[in-house]
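Undergrad: Predicted model, plus sequence, below.
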Amino acid sequence: MKLSRETLADRLFDQLRQQILSGRLAPGRRLPSEREIGEAFGVGRTTVREAIGGLVSAGFVARDGRALVVRDPNSVGPMALGFATVASRESVQQVYEVRKLIEVHAIRLAALNRTADDLANLHEKLARMDTDDPQAYHAADPEFHAAIAKASGNEVLHQLFQSAREVFFKLPTFWRVFGPHRHSPRIGSGHHGHSALLEAIEAGDSDAAAERMHALLDKVETDLVAAIVASQTHGAEEVDETGDALPILISTSVDDESNRTKG
């Protein structure tokens, strides 16, 4: 059975992550080249680049000039250690169920409790989202949502949002959809949709704020799932399943897993 590129990228990300956590890929060591990794797992360059991009996004490797260097796994946030288990379409839906529970209530409270300082903070965060630079937009997006949680006036709710923030915004699925190699298609309602949230908060209309937040998150979830399905459909035709050689860095268990991907 031929696996889609999405499935292989997730699996490859997990295997490389395990190499880092086990110490086989030691901190400070350069990551093997794309060609070496591709030959080891029998996958194409696109799959390798997606998996490596996930390692960078999750903090397991860092760029040092033109090289990729393994970071100390102790410096990686605990939420990132489990990313490989939450990279599916079903997981995106689960994440957005939780986001709706937290953020719809948070914005309802924000519309009732926001202060002048909260509004100034929200306007500043929203201004940073008014850009044609996709990377700048997606960097500012979590800050705007965090500002709404803070404006709720409920510090427990704010801390709950902050503790879940890595899962909300840094899933491997998200970087693949938003990353430069995908030309960062606009997912969701963009600056306009977030501006409508702030308008409702500023007007003190808690019902409108809650309705708009739910609609915004629902659209982002729908767009993400559609992008994942499209990636799986189109990626299946691009997978290169040739190559059996495994370098020393790959453990026996990884060898077995790699062989299973070719069945």
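TA: Received it, and whenever you're ready, just let me know what you need. Numbering: from 1, shown residues only.

Undergrad: the helices in the protein, which residues?
TA: Secondary structure of the chain (DSSP state H): helices at 5-22, 34-41, 45-58, 89-113, 116-129, 134-151, 155-169, 172-178, 190-203, 206-235, 252-260.

Undergrad: can I get the CA coordinates of the fifth one in PDB?
TA: Output for helix 116-129, consisting of C-alpha atoms alone and laid out as PDB, is shown next (Å, rounded to 0.1, in the frame of the first residue of the first chain):
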ATOM      1  CA  ALA A 116      -8.300  50.800  28.200                       C
ATOM      2  CA  ASP A 117      -4.900  49.200  28.400                       C
ATOM      3  CA  ASP A 118      -6.300  45.900  27.100                       C
ATOM      4  CA  LEU A 119      -7.800  47.700  24.100                       C
ATOM      5  CA  ALA A 120      -4.500  49.500  23.400                       C
ATOM      6  CA  ASN A 121      -2.700  46.100  23.600                       C
ATOM      7  CA  LEU A 122      -5.200  44.500  21.200                       C
ATOM      8  CA  HIS A 123      -5.000  47.300  18.700                       C
ATOM      9  CA  GLU A 124      -1.200  47.000  18.700                       C
ATOM     10  CA  LYS A 125      -1.300  43.200  18.200                       C
ATOM     11  CA  LEU A 126      -3.900  43.600  15.400                       C
ATOM     12  CA  ALA A 127      -1.800  46.200  13.600                       C
ATOM     13  CA  ARG A 128       1.100  43.600  13.400                       C
ATOM     14  CA  MET A 129      -1.300  41.200  11.600                       C
END
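
Undergrad: so where is the stretch 1-150 of the chain shaky, pLDDT-wise?
TA: For the stretch 1-150 of the chain, the stretches with pLDDT under 70 are 1-7, 75-90.

Undergrad: sorry, back to before: pipe the helices of the chain into TSV and attach distance to residue 71 and mean neighbour count per row.
TA: Yep, even glycine has a C-beta here, placed from its N, CA and C like the rest. Output for the helices of the chain, formatted as TSV (distance: least, Cβ to Cβ, whole Å; neighbours: other Cβ atoms under 10 Å):
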stretch	distance to residue 71	mean neighbour count
helix 5-22	8	22
helix 34-41	17	20
helix 45-58	9	22
helix 89-113	24	19
helix 116-129	27	15
helix 134-151	20	20
helix 155-169	16	16
helix 172-178	16	23
helix 190-203	32	18
helix 206-235	27	17
helix 252-260	20	14
